[in-house]
Every structure is written in structure tokens, then in C-alpha cells.
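J.: need a 3D model of the sequence below.
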Amino acid sequence: MTEKLFDIKVSYASPKNPIAVASMAGITDSKFASGFKNAGLIVLGGYNLDKPTNDAARKEIERGRTEFFSDAPVEFLRSELEAAKDFTTIAVNVRAASLAPYIEAANLAKEFNVILEINAHCRQPEMVELGAGEALLRDIPRLCEYIREIKKTGVVLSVKIRANVVNDTDLAKAIEKAGADIIHIDAMHPDGADIGVIKRIRNATNLFIIGNNSVVDFEVAKEMFSHGADMVSAARAVRTQPGIINNLIFEVSSLQSMTGWYNAPKHICGGGDLRALAFCCLPVKACALHGALKQAGISAEEFMKIKTDFVKNTPIEYGEGTCFGSMAWCCKITKPCFLRDSALESIGLSDVEYMRIKKRLSEHIMKRRFNKG
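T.: Here you go, the predicted structure:
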């Protein structure tokens, strides 16, 4: 069912839904993953690709942590990919102390048509001392060099980061410029998931975003979706809440069926990201729209032209009885509005079709925003 509902694609990777199982060191291997084939994505790992990281993993195990280790890491990785090849879309989260093992893993990932994920997330001192894991966040030039070289293999590349370690927006821009496809954000904050970091990165980049941290129910997932995440991943909750992945898939599938846009943003005046410009009215009064336009680098006059030009010859070009005579300026379908709903009913346009047009309008606005630099 979900394959027909969602249209998610990152190069050769096409997850069937936007719910992922995150990597958990020493836990998320092919055997563990076999219980979550309904997920849109399973991130195996983290796997260690060379002797230094495998030796570090052994030291971590000695002090009570769970880790994967192998004396033949490439062969081990191949066996894991072989075992998981028919599950669902797969990514492999990997660590290494130098570039060459990443290249070898990237070629292997490309062979199996899976995603490679650089682990720039692990904060264990044994890994950080090697320059692996979170150490890469503090050495962005080296991280970007890795990304550029890895992308030469043609692999779909994700970078798993931990938020609030460095300037997240600058980091994300650098990751995108270097050529990565996906940013997997552990939105870690002392007070819980930092939803704001997802919004900031959504506003700053075109990267495919996976939101992670504290995804324990659909309310958290929905907050991440409505602030710019294309996908969410669950980790610890997968072990403590049996059925959470299926529950999340059910909820997001229901939302997609009802609205046609599962990760539609909140309105700008409700704290939404810049994609929500698609829902804004004409800029005729003092409101949050003007600040959003300034951030997007779009003048009020240009904004009006972008929207009116886009909706020409579409079902929402007009809207008799609506505030401004065109549904170009109407709000999100989940916000009650009898004027909009009457206009939709009069032309026989469904809620889902309306939202799909709004989604295309949003993509058009964001394309103009990024093309302007």
C-alpha cells in the first residue's frame, strides 16, 4: 500500500515510506533488521571499516558498550549486505580513521544499490581520538574531502550528524556543497529533540533530511515532518516499544492518504519553514511573512508574481469567495476555512489534489530561493 502512497526518491534509492530504523552500534545488524522489513529504510551499523576503528570498538566493549567488530571488515560488510538485500531500502552507517576504507565501502554499497552513511555522529572517545565519528564535525574540510571523494563512486551518500556540536547551518551547507545527498540529523539537545535545527537546515539546503532523536510516537515524528524532515528514524524506541515502526507507518500513511502531503510545513505564522510560503496570503499587512521573504531573499513583489504565475491554468488559479479571489493565497488544508472549502467544492477539487498543487508550488518557490543563492 505505501509504495503507491509515497513518491520518495534519492537517486537510485526509493524508500517505500518515510519511516526508518536508525543504526545502533552492536545492535542493528542484518538479523535485527529482519524484523523491520516494513520500514522505508533500515540503517545497518555502525560498522567499523579498518583496524584502528575495530580496535577502538573492542576497547569500548571492554568497558561495557555494544559494538560491531571484525578482523575482516569488508567481507563482514559484504555478508551483511547480502543477508539484507531483499528487506527494504538499506543504508550502512560506517566509521573509519582514513579515506581509503570509505571508498572501498562506497564501491560495495554501490554494488548492492544501498546508501552509504558516514558516521560523523559517534562521540565515544576511542573513536573521536582516531578522527572518526563526531571528530569529523570539528574538521569540516576533512569531512568535505571525504564526501567529494566518496561521491566519485556514484554511491548515494548520507552523513549522520549530531546537532548542536558546531554551527549546524554552516555544517549542512558545507555537506551539501561537497556533494552529499542526505543529512541524517540527531537533533540532540539537553531538553530533548531540537526541532528547530531541522527547520534551520531545511531553510538553508536542498538536502534530503532524516530527522532523528526522541522519535517515540507520531507526535514527535509529525513535528519533525512539519519542520522540514523528509523522513524520520527511530532508534532506542525500536527496542523498547514493540510495534512502533508499524505504528508510525500506519499514522504517516493515514496522513498522506488524507492530505496528499505528509510532511507539509506548519504555516509561517505558526513557526513553519520556508516551504510554507506556499500557504501565505498576499503580503498586505505586517506579519511573519515579511521576515520569511527577507530570509528567502524574495521581495514582496517577486513573491506575488511567483505565485500568480505558477497557478495560471491550474485549478487553484481562481477561488470565488476566497479572501483574495485565488486559492494561490489559501492556507493548509488542515486549517479550517469554509471559504477555501466552498471554492474547492465548487470546482470539484479534492483536498489531496489541492495539497499536491500546493506542494509543487512550494517546490517552485524553494527552487527560486536557492537559485538566487
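
J.: dump the residue contacts of the nearest residue to Ser11 once chain neighbours are set aside.
T.: Spatial nearest neighbour of Ser11, excluding adjacent residues (C-beta to C-beta, 6 or more residues apart in numbering): Val156 at 4.7 Å. No exception for glycine: its C-beta is placed from N, CA and C like everyone else's. Going by C-beta atoms under 8 Å, 6 or more residues apart in numbering, Val156 touches Val10, Ser11, Tyr12, Ala13, Ala109, Val114, Ile115, Leu116, Asp181, Ile182.

J.: how close does Val156 get to Gly35?
T.: Distance from Val156 to Gly35, counting by C-beta to C-beta, to the nearest Å: 24 Å.

J.: now do Ala72
T.: 26 Å.

J.: save the contacts of Val156 as TSV, and put in secondary structure too.
T.: Output for the contacts of Val156, formatted as TSV (DSSP: H, G, I helix; E, B strand; the rest coil):
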residue	secondary structure
Val10	strand
Ser11	coil
Tyr12	coil
Ala13	strand
Ala109	helix
Val114	coil
Ile115	strand
Leu116	strand
Asp181	coil
Ile182	strand
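
J.: for the residues you listed, which one is nearest Arg58?
T.: Lowest distance from Arg58 to those (C-beta to C-beta) belongs to Leu116, with 23.7 Å.

J.: please name the nearest non-neighbouring residue to the closest one.
T.: Per C-beta to C-beta, 6+ apart, closest to Leu116 is Ala109, 4.2 Å.

J.: near the one you found, how many other residues are there?
T.: 26 (other C-beta atoms under 10 Å).

J.: just the strands in this protein please.
T.: With strands called from DSSP state E, the chain shows them at 19-21, 41-48, 89-95, 115-120, 156-162, 182-186, 208-212, 231-234.

J.: export those to TSV and append columns for mean pLDDT and distance to Gly297.
T.: Below are these laid out as TSV (pLDDT from 0 to 100; distance: least, C-beta to C-beta, whole Å):
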stretch	mean pLDDT	distance to Gly297
strand 19-21	98	32
strand 41-48	98	33
strand 89-95	98	33
strand 115-120	98	29
strand 156-162	98	25
strand 182-186	98	22
strand 208-212	98	21
strand 231-234	98	27
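
J.: can you tell which of those is closest to Ala288?
T.: Here strand 208-212 is closest among those (C-beta to C-beta), at 22.2 Å.

J.: how far off centre is that closest one?
T.: 2 Å (C-alpha atoms, centre = their mean, to the nearest Å).

J.: tell me the strands beside that strand, with direction?
T.: Using DSSP bridges, strand 208-212 pairs in its sheet with strand 182-186 (parallel), strand 231-234 (parallel).

J.: export those as a markdown table, with columns for mean neighbour count and distance to Ser362.
T.: Below are the strands paired with strand 208-212 laid out as a markdown table (neighbours: other C-beta atoms under 10 Å; distance: least, C-beta to C-beta, whole Å):
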| stretch | mean neighbour count | distance to Ser362 |
| --- | --- | --- |
| strand 182-186 | 26 | 19 |
| strand 231-234 | 27 | 17 |
